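Visitor: Curious how this folds, go ahead:
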Amino acid sequence: MTGRHLTAGEKRTRASAAAAVARALAHTRPAQDDEADLAAAYPYVTHTRARQIRLEIQETRNARR
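Guide: Residues are numbered from 1 along each chain as shown. The predicted structure is shown next:
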């Protein structure tokens, strides 16, 4: 099955959107993976509890917005 033919305007729109996404991604910080640091600092906290704490923190932050 072949794809649908795109007009010149549609191609420009897709290219513009892809460029906008690339610019937005260039301005975001990469996700920080600090699982190992947290596990070393709090060896008694299980993975499940740590995930629950992170979700609670995220919900609190979202509620403030």
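Visitor: So which helix or strand of the protein has the lowest pLDDT on average?
Guide: helix 35-41 (a mean of 76; mean pLDDT, DSSP states H and E).
Visitor: which of the residues in that helix are buried?
Guide: By neighbour count on 16 or more other C-beta atoms under 10 Å, the buried set for helix 35-41 is empty. (Each C-beta comes from the backbone N, C-alpha and C, glycine too.)
Visitor: Give the next helix or strand downstream of that helix.
Guide: Downstream of helix 35-41, the next assigned helix or strand under DSSP states H and E is helix 47-64.
Visitor: which residues are contacting that following helix?
Guide: 38-39, 42, 45 (C-beta atoms under 8 Å, 6 or more residues apart in numbering).
Visitor: ok, Val45 - how many residues close by?
Guide: 13 (other C-beta atoms under 10 Å).
Visitor: That one and Glu35: what is the separation?
Guide: From Val45 over to Glu35 the distance is 11 Å, taken as C-beta to C-beta, to the nearest Å.
Visitor: what does Leu55 give?
Guide: From Leu55 across to Glu35, the span is 15 Å (C-beta to C-beta).
Visitor: now swap in Ala41 and tell me
Guide: From Ala41 to Glu35 the distance is 11 Å (C-beta to C-beta).
Visitor: Equivalent analysis for His27, please.
Guide: 25 Å.
Visitor: and if you look at Arg54?
Guide: Between Arg54 and Glu35 the distance is 10 Å, computed by C-beta to C-beta.
Visitor: Over to Ala22?
Guide: As judged by C-beta to C-beta, Ala22 and Glu35 stand 28 Å apart.
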